[in-house]
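**Q** Build me a model:
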Amino acid sequence: MATIAMVVAAGCSGDTGSPPDLGKPIPAESPTSEDDTSPTQSPTGEGDSSTGEAEATAQEASHESEPLGAPIAMEFAGERSPVVSVGADEAAALQIPGDLDTVGWWKGGAEPGAAEGFVVITGHATQDGRAAANAWWDAEPGDRVVIETESGTATYRVISRQTYSYEDIPLARWFPAGGPNGPAGLALITCADYRDGEWHSNLVVEAVPE
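**A** Modelled structure (predicted):
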């Protein structure tokens, strides 16, 4: 599997009357460390303690299941969002769905229900909060995410919510060059920290299988 270097956070719109940007490429030498010690932040870039004592990580989860295929819908915070499969363009930028109510499953990642690797779902957020992924900004440890496929459903429990600057986000954690590996998990990735007319960060919600 070819190395994919991409950033998700650009898939957001500050001007709610304009079409969202669909992503931008990042250098191949993007951060690869899985040990992040930066403080948890809210989408505004301010400190946020809502992740509480969630010390469990996807790397610590033990899970055995069967891949269920491509997701078709996702339920979170009482809302059901359509899910479409997405890849990367020639510039290695993640192709995020243009519909603000639809989220995208990265088809290079794990399938829901798989015993290894992250299921990666991305979506647009908007400054006025009208996109599907805006709900991820308020994710709390213990919240549940249900992923529907044609073959069944997979349920995940949120363990953390973290904001990373574009310069510091460890993309190799969720987009490993060798393909999905390690314990099973779910990563919801969108943009955050809108100020001075642009977005500065990615928000990542991690969850483990139930």
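
**Q** Beyond the longest strand along the chain, next helix or strand please.
**A** In the chain, taking DSSP state E as the definition, the longest strand is strand 152-165. Of the helices and strands lying after strand 152-165 in sequence (DSSP states H and E), the nearest is strand 185-195.

**Q** Give the rounded mean pLDDT of that following strand.
**A** On average, the pLDDT along strand 185-195 is 91.

**Q** Equivalent analysis for stretch 91-109, please.
**A** Per-residue scores along stretch 91-109 average to 88.

**Q** Ok, stretch 119-129 next?
**A** pLDDT averaged over stretch 119-129 gives 90.

**Q** And it, end to end?
**A** Taking C-alpha to C-alpha, to the nearest Å, stretch 119-129 runs 24 Å from one end to the other.

**Q** how about that stretch: buried residues?
**A** Judged by neighbour count using 16 or more other C-beta atoms under 10 Å, the buried positions of stretch 119-129 are 119, 120, 121, 122, 123, 124, 125, 126, 127. Backbone N, C-alpha and C define where each C-beta goes, glycine included.

**Q** which residues touch the fifth one?
**A** Spelled out, that is residue 123. If a contact means C-beta atoms under 8 Å, 6 or more residues apart in numbering, then residue 123 has 11, 81, 96-97, 102-104, 131-133, 136, 188, 190 as its contacts.

**Q** worst-scoring helix or strand of this structure, pLDDT-wise?
**A** Lowest by mean pLDDT, DSSP states H and E among the helices and strands of the chain is strand 24-25, with a mean of 32.

**Q** what about this protein, any weak spots by pLDDT?
**A** 1-65 (pLDDT under 70).

**Q** returning to that earlier point: counting by contacts, list what the longest strand of the chain packs against.
**A** strand 144-149, strand 185-195, strand 198-209 (3 or more C-beta pairs under 8 Å, 6 or more residues apart in numbering; DSSP states H and E).

**Q** Sheet partners, orientation included, of it?
**A** Note on strand 152-165: by DSSP bridges, its sheet partners are strand 144-149 (antiparallel), strand 198-209 (antiparallel).
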